[in-house]
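[1] sequence first, predicted model second:
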Amino acid sequence: MHSPIAPAAPDPSLTSVQRETLNALLNMIVPRTADGRMPGAAEMPELVRHLAEAFPALRELLDTLDCDARARYSAAFAALDAARRVSLLEEVRARNPKALDQLALETVTGYYQQDRVLEGLGLEARPPYPKGYQVEPGDLSLLNPVIARGTIYRDIS
Amino acid sequence: MNEPVDVLIIGAGASGAAFAWSMADTRMRILCLDQGDWMNPSDYPSTRRDWELRAESDFSPDPNVRRRPQDYPINDAASPISILNFNGVGGGTILYAAHFPRLHPSDFKARSLDGVADDWPISYRTLEPFYAVNDHHMGVAGLAGDPAYPPHQPPLPPVPLGRVGETMARGFNRLDWHWWPSDIAIATREHEGRAACLNLGPCKTGCAQGAKGSVDITYWPVAMRAGVKLKTHCRVREILVDDDDRATGVIYYDGEGREQLQRAEVVVLACNGIGTPRLLLNSTSARFPDGLANRSGLVGKNLMLHPWTSVRGVFDEQLDSHLGPQAVCILSQQFYESDPSRGFVRGYNLQVTRGFGPVTTARSGLASGAIPWGRDHHDAFARHFGRTIGVGVCCEDLPEECNTVTLDPALTDSDGIPAPRITYRLGENTARMIQHGVARATEALQAAGAREILENPVPMRATGWHQLGTARMGTDPERSVVNEWGRSHDVKNLFIVDGSVFVTSGGVNPTPTIQALALYVADSMKQRLANLFD
């Protein structure tokens, strides 16, 4: 059984509004699948903490989104419906495409290293070494027509 | 004062290691200096969960990204292809894919056969016995009988095709094109004390299993048991020369940054196609104001890089393409030999490569737009992950004097030694060739059943692994830097054994040829010990 969506653990370096904005944003970037097999990006506290540390422009981006939301709709970004969030994001992206694209890149980078995500993909959550993997040897009889066509190098002897 | 030695090798990578091993049986005093250190396989990324990301930081093949203390910067801003390497015991073999195809007989006769570039002063037959010795020491897996080559027998069975190899094999067969399991320096079973490959996958960030043939675990342990000395953290600044045009030794900086003098009877350069011209150009004197061994003016010229790109195909069926050694599992040499009706001379090979891990799949998909973020992210990821095959196009590069390694007027390494500057552009023949290759790679993927084709830049930037031709071999001192057995025309106790001496590049990965050349030069020296400097 997959656990229900849980908010990210509080990050002391973010304000509560910034945390709520970030949760909303992360679940737009990588949402939870309908069947619950794949979690949403905001469900993983490690990822949220990683972003807060690794993405210097995060706070400014979150503040911009929330400020724009309040100015346009008199509501916090996290309180908007999906259509309004998307509309605001497109505006912010038009003004500063690098920031959102970088956040998305950092998000998927962290997301696909999480145990729950790897297990959702049917993979073992472990490094390659020392167990390694099995790869099918393959059918070398497929070479028969190649062999039948004969030599193709220039024999200059 | 360091004890003088008989033979001083600079660089402990692919060529320096093979050369040292071969020379060890002379019982001469042999010393190798390397600016890097020994690697610890337990530190390799495949032992950690963040293994995919380390290829973009401390295990990046780009020294300008990796920036380890032993690395030197390279100004490659004036090149569409960035320079890749590794500095340490093992050199580039630490991070290479271990793809191990030989040159072909026709590669040594480009002028005679196709009217371009120059012929080598040696032939495939000259190197053939050294290829075989090297295949054994490096532990080459493959399959005898490839109709694209003269007969040879790889010592180990081939790496698994997997579903990736089988799928592309069927595609090539539908087109009646050549393909074959590629020679690859990976121990597919226990070999000379090395454990068998476990299909870890990320060969290009070092092999924690020790199955990949990197020379720190192949040649060096044997050479050192036979008496060769290897000193790490020694960065050579210049080669010294006397009034008789003889090299007398080198000045280097040790690990503490102290200047050291090392005298030697013979100096051997094994620093790759960038490091070797850099060191020669940094070794100026009254006798050699334009750089040591450079009376031809060709040191640093004729740089060849094997322009490369990759076309990726996305398939409907699950191929587990993220599993298996990263290097080529099969390759097609259908377009390797010259056919002027194609609009270019010489040729290329098509290299079938595996897919990416999950992080790289997501990152590259996001960057290209193939895997968006948002509502459709998971479906798009599932359509690509494990279902993507790459077909690389590896092109022969012809020598052109305008493609150069020079010294940067401002950039230096941490010891203040001027850094190399690369000036390079694709020649017209190569540009036509790579476009032809992109079309054929696409055709092969579609014949194999790909439903979506993803193209990359042409050429791809971070592909400058193969640095060749910058101190070319030849019989004419005015048209070459070293003679037909690797000795400098100008300095008769100075030898070069790395990829700098290539006359033409061929269209395949050069490491087996570089090592065969190093073994051949060592053998030539051993046969001439009585009159080596005549």
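    Cool, the structure landed. Numbering: from 1, shown residues only, chains lettered A, B, ... in the order given.
[2] which strand or helix spans the spatially most central residue of chain A?
    By Cα atoms, centre = their mean, chain A has its centre lying nearest to residue A:108, at 2.2 Å. For residue A:108, the host element (DSSP states H and E) is helix A:97-111.
[3] and that helix, is it in reach of chain B?
    Yes. Contact between helix A:97-111 and chain B, assessed by Cβ under 8 Å from any Cβ of the partner chain, occurs at A:101, A:104-105, A:107-109, A:111. Where C-beta positions appear, they are placed from N, C-alpha and C, glycine not excepted.
[4] mind checking which of the residues you listed are buried?
    Buried members of the residues of helix A:97-111 next to chain B, scored by 16 or more other Cβ atoms under 10 Å in any protein chain shown, are A:104-105, A:107-109, A:111.
[5] between helix A:97-111 and the lowest-mean-pLDDT helix or strand in chain A, find me the angle.
    Least confident helix or strand, chain A: helix A:45-54 with a mean of 83, by mean pLDDT, DSSP states H and E. Here helix A:45-54 runs at an angle of 140 degrees relative to helix A:97-111 (axes from the mean of the first three to the mean of the last three Cα atoms, to 10 degrees).
[6] hang on, the earlier thing: the residues of helix A:97-111 next to chain B: which two are farthest apart?
    A:101 and A:111 (15.4 Å; Cβ to Cβ).
[7] sorry, back to before: wait, does the very next helix or strand once past the helix holding residue A:108 contact chain B?
    As assigned by DSSP H and E, the chain's next helix or strand after helix A:97-111 is helix A:115-120. Yes. Against chain B, helix A:115-120 shows contacts by Cβ under 8 Å from any Cβ at A:117-118.
[8] show me the helices in chain A, by range?
    Using DSSP state H, the helices assigned to chain A run over residues A:16-29, A:45-54, A:58-73, A:82-95, A:97-111, A:115-120, A:144-149.
[9] other SSEs contacting the longest one?
    The one in question is helix A:58-73. Secondary-structure packing of helix A:58-73 (3 or more Cβ pairs under 8 Å, 6 or more residues apart in numbering or on different chains; DSSP states H and E): helix A:16-29, helix A:82-95, helix A:97-111.
[10] could you dump the ones you listed into TSV and include mean pLDDT?
    Formatted as TSV, the helices and strands packed on helix A:58-73 follow (pLDDT from 0 to 100):
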stretch	mean pLDDT
helix A:16-29	94
helix A:82-95	92
helix A:97-111	92
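[11] quick one: closest of those to residue B:213.
    Nearest of these (Cβ to Cβ): helix A:97-111, 31.4 Å.
[12] I'd like to know which elements that closest one is packed against.
    Secondary elements touching helix A:97-111 (3+ Cβ pairs under 8 Å, 6+ apart): helix A:16-29, helix A:45-54, helix A:58-73, helix A:82-95, helix B:358-368.
[13] helix or strand next in line after the last one, which one?
    The one in question is helix B:358-368. For helix B:358-368, the following helix or strand on the C-terminal side (DSSP H and E) is helix B:377-384.
[14] that following helix near chain A anywhere?
    Yes. Against chain A, helix B:377-384 shows contacts by Cβ under 8 Å from any Cβ at B:377-378.
[15] just the buried positions in that helix, please.
    Applying a neighbour-count criterion of 16+ other Cβ under 10 Å, one finds B:377-378, B:380-381, B:383-384 buried in helix B:377-384.
[16] how about the longest helix along chain B: buried residues?
    Taking DSSP H as the criterion, chain B has its longest helix at helix B:428-448. Residues of helix B:428-448 classed as buried by neighbour count (16+ other Cβ under 10 Å): B:429-438, B:440-445, B:447-448.
[17] related to what we said a few turns ago, pipe the buried residues of helix B:377-384 into CSV and attach pLDDT per row.
    Compiled in CSV, those are given as follows (pLDDT from 0 to 100):
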residue, pLDDT
B:377, 97
B:378, 98
B:380, 97
B:381, 98
B:383, 96
B:384, 97
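[18] just the pLDDT for residue 140.
    Reading this off chain A. Looking at residue A:140, its pLDDT is 97.
[19] if you could check chain B rather than the one you did, that'd help
    Value listed for residue B:140 in the pLDDT field: 98.
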